[in-house]
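1. quick one, fold the following:
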Amino acid sequence: MEDKLFNEVRRAFAAAFNTDPASISMQSEPGDIAGWDSMGHVQLVAELEKIFSVSLEVDEVMEMEDVASIVRVLEAKGL
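-> Numbering: from 1, shown residues only. This is a model prediction of the structure:
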């Protein structure tokens with residue numbers, strides 16, 4: 001995993017959930033972050049698409065169950 005990619009993912013979390021990026025780890029999952037529910041996930045995906053200038057497919061969004069899987073999906077897109 002590239003640190004720059006992970007740091008940008010943390011930035012998306014900070015924007016979507018108004019949380020300290022340092023509190024986000026590769027092990028973070030929805031139960032760990034206030035607001036990361038189904039509606040929050042949509043907001044997070046919008047932030048990720050904006051930050052990375054990508055369009056995420058529905059199946060990719062559904063794969064994003066925790067921070068590690070988000071990083072994997074983005075890496076698979078060549079980021």
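2. drop to CA atoms for contacts and neighbour counts, all remaining ones
-> Fine.
3. so where's the chain uncertain?
-> By pLDDT under 70, the weakly predicted segments of the chain are 1-2.
4. helices of that one, start to end?
-> 3-17, 38-52, 58-63, 67-76 (DSSP state H).
5. using JSON lines, lay out the ones you listed together with distance to Met26 and mean neighbour count.
-> Listed next are those as JSON lines, based on distance: least, Cα to Cα, whole Å; neighbours: other Cα atoms under 10 Å:
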{"stretch": "helix 3-17", "distance to Met26": "8", "mean neighbour count": "18"}
{"stretch": "helix 38-52", "distance to Met26": "16", "mean neighbour count": "16"}
{"stretch": "helix 58-63", "distance to Met26": "15", "mean neighbour count": "12"}
{"stretch": "helix 67-76", "distance to Met26": "5", "mean neighbour count": "17"}
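6. for those, could you give me a markdown table that also reports distance to Glu29?
-> Output for the helices of the chain, formatted as a markdown table (distance: least, Cα to Cα, whole Å):
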| stretch | distance to Glu29 |
| --- | --- |
| helix 3-17 | 11 |
| helix 38-52 | 11 |
| helix 58-63 | 13 |
| helix 67-76 | 6 |
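7. closest one to Asp32 among the ones you listed?
-> Counting by Cα to Cα, Asp32 lies closest to helix 67-76 out of those; the figure is 10.7 Å.
8. and the angle for the closest one with helix 38-52?
-> 40 degrees (axes from the mean of the first three to the mean of the last three Cα atoms, to 10 degrees).
9. alpha carbons only: can I get helix 67-76 in CSV?
-> Written as CSV, here are the backbone C-alpha positions of helix 67-76 (Å, rounded to 0.1, in the frame of the first residue of the first chain):
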residue,chain,number,x,y,z
VAL,A,67,-10.6,1.0,5.0
ALA,A,68,-8.4,-1.8,3.8
SER,A,69,-10.9,-2.8,1.1
ILE,A,70,-11.3,0.8,0.0
VAL,A,71,-7.6,1.0,-0.5
ARG,A,72,-7.6,-2.3,-2.5
VAL,A,73,-10.4,-1.1,-4.8
LEU,A,74,-8.5,2.2,-5.5
GLU,A,75,-5.3,0.4,-6.1
ALA,A,76,-7.0,-1.9,-8.5
